[in-house]
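Trainee: Here is a sequence with its predicted model. Questions after.
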Amino acid sequence: MYALIAFIPIIVTVVLMVAFNWPAKRALPLAWALSLIFGIALWKMSVSHAIAYTLTGFLSAFEVLVIIFGAILIMNTLKRSGAMASINRMFNGITPDARLQAIIIGFIFGAFIEGAAGFGTPAALAGPLLISVGFPPLAAAIVALEFNSVPVIFGAVGTPTNTAFATVQGGLEKLSDTNVWRMALTKWSAVPMSVGAFMIMIVCIAIMCKLFGPKKKASDVLPVIPFIIFTGVVFDIIYLLIAIFVGPELCSLLAAVITLFIIMATTRKGFLVPKEVWTFGDKAGWDKTWLSTTKVPEPKISNMPLLKAWTPYFIIAIILVLTRVSQKNGIVWADKLKTFTVGTGDSGAILGLNWNWAIAWSPGIVFIIVALITFAIHGMNGEAIKGAFSDTFKQVTGAAIALLFGVAMVNIFRFTNVDSAAMANVAPAVQDSMLLVMAKALAALAGKAYIIIAPFIGVLGAFMSGSNTVSNTLFSSLQFETANLIGLPAVFIVALQNCGGAIGNMVCVNNVVAACATTGTNGNEGKIIRTNALPMVLFSILVVVVVLICIQIVGDPVPLS
């Protein structure tokens, strides 16, 4: 009974968002309120502890929000300054083959945007760019969404993976260095997604050829498979090296930007380019359902030099690489950056709890500083600067409410037994936290087969919230506890959660709505979700298979006992 009660806030969230189309910013505060009521009434959590864990949850969410704000501010700054138009212009004339254009713009450039900004921006930016090179608007939306998967485990400078780690960090007290577990999570999230990169490129191009090609033949993907393999190898080598040796912050961003310039150069030289050019055919013959249903505004015209346009991202990459690599190698100044914190110290000022934020280590602070520098570098006037901030605040508002209450709810789930565990006359189940009660129920229900379910829980979280970060906030702790109860390697199960949350981005309502709005294909949301459901399921099954193989080879890379 207690397990069912503990699941009610999550069930309510799913029903409200899926059946009644509530946004996450409305559903999650209600779910938090339910968890609070159950925690106080049934788990005998004191009101002061409930408030304290809610407040520390809000503060932890604020750390993530600074990263989101900074990443999106950079993106809006480049759009307002004309730099993004210059970057877009770079893609014209590389190749007339739409299959290669889809990979270069949809997969590689989309991965760069995901690594730099995340939170739905890749589909919203790559879609219009694909239209500008000749894609039907509906095809552009589908391609941009399907490719927004592999880089999403790291999102904006590692935010989803670091959020998953932060959520489960309380269960890693037996480790002398919890960063070892974080690096293992980074590595074993990257491995299955790197394998999936080849599959998603092949499946996406096959779907595009089948639905939008003049011959309606999925087999039109075959001539570009050598190009896909080469692209995947280049991307994966950089992606995995950074994941293994540096950490999650730069995996998607650096892998994408380096791959982008390599593939653009080799494609211009004709390397592995199919002899027969594939296009969508004469526009007059396109199905009317492929076209925009609403007018899409034209991007700002700009003659900004390409180097100047890319400068903010070069600065960001240099700062993050220097600080992360230096700290990993024990260089004093980098260690001091990480230990400089803003917060309460160990005073327990928040009703007995403390909160500390390594402000000088936050990628969000780096983004904000670079945005301020960019205002001057790009010669932006007051109106453009004001517009960049205004656009960013509007975009972040929904994510802010969802994250604040999502993290607060998870805090309640984790610590509901903080008072009842010491009580003698309470039900045995109540002496476990709501999170542990749910985990025990899932463990008993699924057993070792739980590994098959794990990525789909991540997909569900992303589908509900529109964010892998929020999905990891909601479910990483649940996956972690369930893995420990069943005896599965926790790092692999949380990695599957991370992968599932990334894969779910191709069908999540928020991203689909954003992609339709920016491509002018409003009204096609249901069709796009149905189309993208197949690659989503195939990808989820693939990551399970890869993880099963990895478990057989390496066992538990970071045992907790």
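Mentor: Here it is on my side, so go on.

Trainee: and residue 352, how many neighbours?
Mentor: 11 (other Cβ atoms under 10 Å). Quick note: C-beta positions are derived from backbone N, CA and C, even for glycine.

Trainee: no no, residue 257
Mentor: Around residue 257 there are 22 other residues, counting by other Cβ under 10 Å.

Trainee: That one: helix or strand, and which one exactly?
Mentor: Per DSSP states H and E: residue 257 is located in helix 251-268.

Trainee: So for that helix, mean pLDDT?
Mentor: Taken as a whole, helix 251-268 carries a mean pLDDT of 92.

Trainee: Next: stretch 508-525.
Mentor: Mean predicted confidence for stretch 508-525 is 73.

Trainee: returning to what we had before: who are the packing partners of the helix holding residue 257?
Mentor: helix 110-116, helix 225-245, helix 306-328 (3 or more Cβ pairs under 8 Å, 6 or more residues apart in numbering; DSSP states H and E).

Trainee: mind exporting the second one as PDB, just the C-alpha atoms?
Mentor: Okay, so that is helix 225-245. Taking C-alpha atoms only, helix 225-245 is exported to PDB below (Å, rounded to 0.1, in the frame of the first residue of the first chain):
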ATOM      1  CA  ILE A 225      26.200   4.500 -45.100                       C
ATOM      2  CA  PRO A 226      30.000   4.900 -45.700                       C
ATOM      3  CA  PHE A 227      29.600   8.700 -45.100                       C
ATOM      4  CA  ILE A 228      27.600   7.900 -41.900                       C
ATOM      5  CA  ILE A 229      30.200   5.400 -40.700                       C
ATOM      6  CA  PHE A 230      33.000   8.000 -41.200                       C
ATOM      7  CA  THR A 231      31.000  10.700 -39.500                       C
ATOM      8  CA  GLY A 232      30.200   8.400 -36.600                       C
ATOM      9  CA  VAL A 233      33.800   7.300 -36.100                       C
ATOM     10  CA  VAL A 234      35.100  10.900 -36.100                       C
ATOM     11  CA  PHE A 235      32.400  12.100 -33.700                       C
ATOM     12  CA  ASP A 236      32.600   9.000 -31.400                       C
ATOM     13  CA  ILE A 237      36.400   9.100 -31.000                       C
ATOM     14  CA  ILE A 238      36.300  12.700 -29.700                       C
ATOM     15  CA  TYR A 239      33.100  12.100 -27.800                       C
ATOM     16  CA  LEU A 240      34.400   9.100 -25.900                       C
ATOM     17  CA  LEU A 241      37.900  10.500 -25.300                       C
ATOM     18  CA  ILE A 242      36.400  13.500 -23.600                       C
ATOM     19  CA  ALA A 243      33.900  11.400 -21.700                       C
ATOM     20  CA  ILE A 244      36.600   9.100 -20.400                       C
ATOM     21  CA  PHE A 245      39.400  11.600 -19.600                       C
END
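
Trainee: Please identify the buried residues of that helix?
Mentor: For helix 225-245, the neighbour count (16 or more other Cβ atoms under 10 Å) marks 227-228, 230-232, 234-236, 238-240, 242-243 as buried.

Trainee: ok, now which ones touch the residue of the chain positioned farthest from its centre?
Mentor: Here the chain reaches farthest from its C-alpha mean at residue 425, the gap being 43.8 Å by Cα atoms, centre = their mean. The contact partners of residue 425, by Cβ atoms under 8 Å, 6 or more residues apart in numbering, come to none.

Trainee: Likewise for residue 309?
Mentor: 78, 82, 83, 84, 86, 87.

Trainee: count of neighbours near the fifth one?
Mentor: Counted with other Cβ under 10 Å, the neighbours of residue 86 add up to 21.

Trainee: State the distance from it to residue 313.
Mentor: Remark: distance between residue 86 and residue 313 (Cβ to Cβ, to the nearest Å) = 13 Å.

Trainee: Now do the helices in the stretch 51-200 of the chain.
Mentor: Ranges of helices within the stretch 51-200 of the chain are 83-89, 98-101, 110-116, 121-132, 137-147, 159-168, 178-212, based on DSSP state H, counting those that start in this stretch.

Trainee: what packs against the last one?
Mentor: Using 3+ Cβ pairs under 8 Å, 6+ apart as the contact test, the elements touching helix 178-212 are helix 98-101, helix 137-147, helix 159-168, helix 225-245, helix 490-503, helix 525-554.

Trainee: tell me which helix or strand of this structure sits lowest on mean pLDDT?
Mentor: helix 509-519 (a mean of 72; mean pLDDT, DSSP states H and E).

Trainee: Can you work out which other helices and strands pack against that helix?
Mentor: helix 121-132, helix 137-147, helix 525-554.

Trainee: among those helices, which is the most enclosed?
Mentor: Most buried of those by mean neighbour count (mean count of other Cβ atoms under 10 Å) is helix 137-147; its value is a mean of 30.

Trainee: ok now that one, how far from the chain's centre?
Mentor: 17 Å (Cα atoms, centre = their mean, to the nearest Å).

Trainee: show me what contacts the closest residue to residue 66 other than its chain neighbours?
Mentor: Computed as Cβ to Cβ, 6 or more residues apart in numbering, the closest residue to residue 66 that is not its neighbour in sequence is residue 364, at 3.5 Å. By Cβ under 8 Å, 6+ apart, the contact set of residue 364 is 63, 65, 66, 67, 68, 69, 70, 71.

Trainee: Perfect, that will be all.
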